[in-house]
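A.B. asks: What shape does this take:
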Amino acid sequence: MQDLLKRYLAGNCTPEECAQVELWYELLESKKAAVNEEDLEEDLIEVRTRLVKSLRKERRPFRYPAVAAAAAVLITISIGTYFYVNYRSSGNPPETNKLLSNAADIAPGRNIATLQLGDGTEIALDDQSNGAIAKAGSNTIYKNANGQLTYVATESKGEETENPVSNSLKTPRGGQFQLTLPDGSKVWLNAASQLTYKISKTSHERLVELKGEAYFEVAKDASRPFKVLSKGQVVEVLGTHFNVSSYDDDPSVKTTLAEGTVKIVETDRYRNVVLEPGQQATLDSGSRLSVAQVDVSDAIAWKNGKLNFNQSDIYAVARQLSRWYNIDVVFKGKAANVRLSGEVYRNTNASKVLEILSFYNLNCRIETDNGVKRIVIE
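C.D. replies: All right, here's what the predicted structure looks like:
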């Protein structure tokens, strides 16, 4: 079936094969309508929209334009949605359901983080009630119910400006949090990440240090540039929106610009590049800095509540799963040389994601050993 769908997308099908695919599409649509699941509908629309947009190569016209997207659904990560429709309609689950039902499921990540104040005090934010939770210099720190931390300036007598204090927000694996800094800049912190920042009104620059991944919406202040120090580079901005991914276990640091302009300085050789919106800079382990045009929505999908795979190798996918689901991923034998593309919502349990991956001929399962869960891929 997958070979047929690939030929259809490439425009290499015979008339009989085209008719077969188009008949399949009509059946899929009728079954989807019968299921009438709101979340399923959203998944199909999202996948179809992204796939239609990605079909840029000129091909012969299809009888139904949406058929191309539906065909690609089975080839990309959203293939699991198709089998989910068949399962709900027929009552016959695919084999992967049997495989994954042998162990307890793994819930997705949530809004959890730890705040470290300047004096070393650590506050577990998920244990705190909403409202004011601490002071930092002339700022009061507030936590709200949506996983957000906000610094609000209070009346100051000026004494705090002499000695700026440093705060740090850290998310564990399986955590995420949002932060509004004293200058009004907003930060979305991904799982297994840490942001360290100074609280000061008089500093000539706004310097933060990032480990892991974060999306920034920087408040404009021409007199005080905003700098992000991460693994081997410094990102310099005045006011803009961008994403930095600098996990220690990733082979490169990626900086993606959504709006405005940023300059990236490579700290070993002091080379720099200036990005325009839609560009991504990659700093590899050999300190080589390169720039490419990308789809920004792929890079910031996590901030919008999605796990995104765009021609990602299985090891990159495994790292995402490990961080978000707070679980180790183990490979047994040599993993298939497969590239995965597509998106799935981050509020999905791990078993559903693994069920989808299994349709790439990957043997995926959840194991429990002495009470400790792990994902196994072989």
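
A.B. asks: Let me see the domain layout of the protein.
C.D. replies: 2-92, 109-203, 305-377 (automatic domain parsing).

A.B. asks: how much space is there between the closest residue to A299 other than its chain neighbours and S287?
C.D. replies: What sits nearest to A299 in space, not counting adjacent residues and going by Cβ to Cβ, 6 or more residues apart in numbering, is T256, at 3.8 Å. Yep, even glycine has a C-beta here, placed from its N, CA and C like the rest. Distance, T256 to S287, by Cβ to Cβ, to the nearest Å: 19 Å.

A.B. asks: Excluding residues flanking it in the chain, which one is nearest S245?
C.D. replies: Setting aside the residues directly before and after it, S245 is nearest to E213 in space (Cβ to Cβ, 6+ apart), at 4.3 Å.

A.B. asks: contacting residues for the residue nearest to A299?
C.D. replies: By Cβ atoms under 8 Å, 6 or more residues apart in numbering, the contact list for T256 reads 242-243, 245, 279-281, 294, 296, 299-300.

A.B. asks: switch the cut-off to 6 Å
C.D. replies: For T256, the contact set (Cβ atoms under 6 Å, 6 or more residues apart in numbering) comprises 243, 280, 296, 299.

A.B. asks: can you list the weak-confidence ranges in the stretch 151-300 of the chain?
C.D. replies: 155-162 (pLDDT under 70).

A.B. asks: residue ranges of the strands in it, please?
C.D. replies: 165-171, 177-180, 186-189, 193-199, 206-217, 226-230, 233-237, 241-246, 252-259, 262-266, 272-275, 279-284, 289-293 (DSSP state E, counting those that start in this stretch).

A.B. asks: Got the confidence number for the most centrally placed residue in the chain?
C.D. replies: With distances taken as Cα atoms, centre = their mean, the residue of the chain nearest its centroid is W302 (2.5 Å). The model reports W302 with a pLDDT of 97.

A.B. asks: What residues does the closest residue to it other than its chain neighbours make contact with?
C.D. replies: In space, and not counting its chain neighbours, W302 is closest to N190: 5.5 Å by Cβ to Cβ, 6+ apart. When contacts are counted by Cβ under 6 Å, 6+ apart, N190 touches 176, 213, 302.

A.B. asks: make it 10 Å
C.D. replies: Neighbouring residues of N190 by Cβ atoms under 10 Å, 6 or more residues apart in numbering: 109, 171, 175-177, 212-215, 243, 245, 247, 302-303, 320, 323-324.

A.B. asks: Please apply the same query to Q176.
C.D. replies: So, once contact is read as Cβ under 10 Å, 6+ apart, Q176 ends up touching 109-113, 147, 188-193, 213, 302-303, 305, 323-324, 346.

A.B. asks: rerun that using 7 Å as the cut-off
C.D. replies: 109, 111, 147, 189-191 (Cβ atoms under 7 Å, 6 or more residues apart in numbering).

A.B. asks: So how do I select the buried members of these in PyMOL?
C.D. replies: The buried residues among these can be selected in PyMOL (16 or more other Cβ atoms under 10 Å) with this line:
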select buried, resi 109+111+147+189+190+191
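
A.B. asks: of the contacts of Q176, closest to N139?
C.D. replies: Nearest to N139 among these is L189, at 18.3 Å by Cβ to Cβ.

A.B. asks: With neighbour count and distance to P15 added, can I get the contacts of T256 in JSON lines?
C.D. replies: Output for the contacts of T256, formatted as JSON lines (neighbours: other Cβ atoms under 10 Å; distance: Cβ to Cβ, whole Å):
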{"residue": "N243", "neighbour count": "22", "distance to P15": "46"}
{"residue": "Q280", "neighbour count": "21", "distance to P15": "42"}
{"residue": "V296", "neighbour count": "19", "distance to P15": "40"}
{"residue": "A299", "neighbour count": "23", "distance to P15": "41"}
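
A.B. asks: Closest to T121 out of those?
C.D. replies: Taking Cβ to Cβ as the measure, T121 sits nearest to N243 out of the contacts of T256, at 30.0 Å.

A.B. asks: if I look at the closest one, how far off is D284?
C.D. replies: The value you get for N243 to D284, if Cβ to Cβ is used, is 18 Å.

A.B. asks: Equivalent analysis for T114, please.
C.D. replies: 31 Å.

A.B. asks: Equivalent analysis for V237, please.
C.D. replies: Distance, V237 to D284, by Cβ to Cβ: 22 Å.

A.B. asks: Please identify which of these two sits among more neighbours.
C.D. replies: Ranked by neighbour count (other Cβ atoms under 10 Å), V237 and D284 place V237 first, with 23 against 12.

A.B. asks: wait, that one sits on V262?
C.D. replies: Yes. Using Cβ atoms under 7 Å, V237 is in contact with V262, at 4.7 Å.

A.B. asks: what sits against K334?
C.D. replies: Per Cβ under 7 Å, 6+ apart, neighbours of K334: none.

A.B. asks: ok, 10 Å please
C.D. replies: Contacts of K334 by Cβ under 10 Å, 6+ apart are E378.

A.B. asks: Could you tell me whether it really is in a helix?
C.D. replies: No. Counting by DSSP: H, G, I helix; E, B strand; the rest coil, K334 is not found in a helix; it is coil.

A.B. asks: So what does it look like in phi/psi?
C.D. replies: Dihedral pair for K334: phi -90, psi 120, per degrees, to the nearest 10.

A.B. asks: Give me the pLDDT for it.
C.D. replies: Reported pLDDT for K334: 74.
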